[in-house]
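Chemist: Predicted coordinates and the sequence they were generated for:
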Amino acid sequence: MSTIELAPETRIGFVAMRVADLEKMATWYQEVAQLAVLKRESDQIFLGTRTNQQVLVILRQIAKGDTTQATGLDHFAIVLPNPGALGAAHKHINQVATVVNRFKNGYSKGFEVVDPEGNGIEFIIDEAIEQFHEADSYNWQDEDTKTIKAEELERHVDKDYSGVPSGSSVGHVQFRIRDLAATEQYLVSGLGFQIKPAAAKDQIFLAAGDYHHHIGITLRVDAKLPVATPTSLGLDYVNFVVPSAGGLDAIIANLNEQGISDYQYDEAHHYLMIAGPNQLTLWFTVA
């Protein structure tokens, strides 16, 4: 058993992906998802919200990328700050791309679109935050997801919407994995995520603290998936931000106590990189 729990203030910083066509993907994320280019290097591009310069997505070009579907990213969710932003995002994206799903559950609603290399992106709102309700006003275990129509998403549309606004964040990531038990053990026993009720037998939901902000990891299992390699397209790593250096030190101590040694830790710069049995790399940094 884990001797720690991740601090409830832990959040996802950004999602980094390996891509085959950097310019095509960057154009899609600018013109369809409406993220701003914040920094450009020879082989990678940082995208996010322009006003507060918050990085949400990093795209990195790799040579001869392997397109075989392997363990890795199924989708990630961008949490928008209010219904007007969600409605405006849907209105724009629905005109320039194919929306593959529109949904609502007990605590959120949104829609999903797929980028040119097959990565899913959800745009959602957390209804408790938006309506300023207390966390216990919502059933965070209600994963009964219903399909909704475009009109419901566009009841409120921000007329001044010009891209993903400040205050947006990455809310959750969903991974494809091949070994549920082993992945659960290293994420829970090693890193301190908490198990939350799941909607199906082939998945587990994990979170840091309450699921109030939809921060967490959802895992779906496919035993036939090959394990990702450094040339697999898709997930590169997910950045998690912990509130203090002491919290990161506690994770390292717990990993050692649990006999988990396959990680990289830079004590001077306070970051931890760990991949686990399905090669799902998580990069922990300090706020």
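Modeler: Noted; the coordinates are in hand.
Chemist: How far does the helix or strand where T285 lies sit from its chain's centre?
Modeler: Element membership for T285 (DSSP states H and E) is strand 282-286. From the chain centre to the centre of strand 282-286 is a distance of 13 Å (C-alpha atoms, centre = their mean, to the nearest Å).
Chemist: Could you list every helix and strand in contact with that strand?
Modeler: strand 234-242, helix 245-257, strand 271-274 (3 or more C-beta pairs under 8 Å, 6 or more residues apart in numbering; DSSP states H and E). The way it works is simple: take the backbone N, C-alpha and C, and place the C-beta from them, glycine included.
Chemist: Beyond the longest one, next helix or strand please.
Modeler: It stands for helix 245-257. strand 263-266.
Chemist: Buried residues, that following strand. List them.
Modeler: Residues of strand 263-266 classed as buried: Y263, Y265 (neighbour count, 16 or more other C-beta atoms under 10 Å).
Chemist: With respect to burial, which of the helices and strands packed on strand 282-286 scores highest?
Modeler: Of all the helices and strands packed on strand 282-286, strand 234-242 carries the top mean neighbour count, a mean of 21, counting by mean count of other C-beta atoms under 10 Å.
Chemist: Please name the strands paired to it in the sheet, noting orientation.
Modeler: Using DSSP bridges, strand 234-242 pairs in its sheet with strand 11-19 (antiparallel), strand 282-286 (parallel).
Chemist: what's next to the first one, contact-wise?
Modeler: When contacts are taken as C-beta atoms under 8 Å, 6 or more residues apart in numbering, the neighbours of strand 11-19 outside the stretch itself are 25, 48, 55-62, 65, 73, 76, 117, 119, 169-173, 208, 213, 215, 231-241, 283, 285.
Chemist: okay, it in CSV with CA atoms only?
Modeler: Listed in CSV are the C-alpha atoms of strand 11-19, where the atom choice follows Å, rounded to 0.1, in the frame of the first residue of the first chain:
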residue,chain,number,x,y,z
ARG,A,11,-2.8,19.7,-11.3
ILE,A,12,-2.0,18.8,-14.9
GLY,A,13,0.2,21.3,-16.5
PHE,A,14,0.3,20.3,-20.2
VAL,A,15,0.4,17.3,-22.5
ALA,A,16,3.4,16.7,-24.8
MET,A,17,3.0,14.7,-28.0
ARG,A,18,5.3,13.1,-30.6
VAL,A,19,4.1,14.0,-34.1
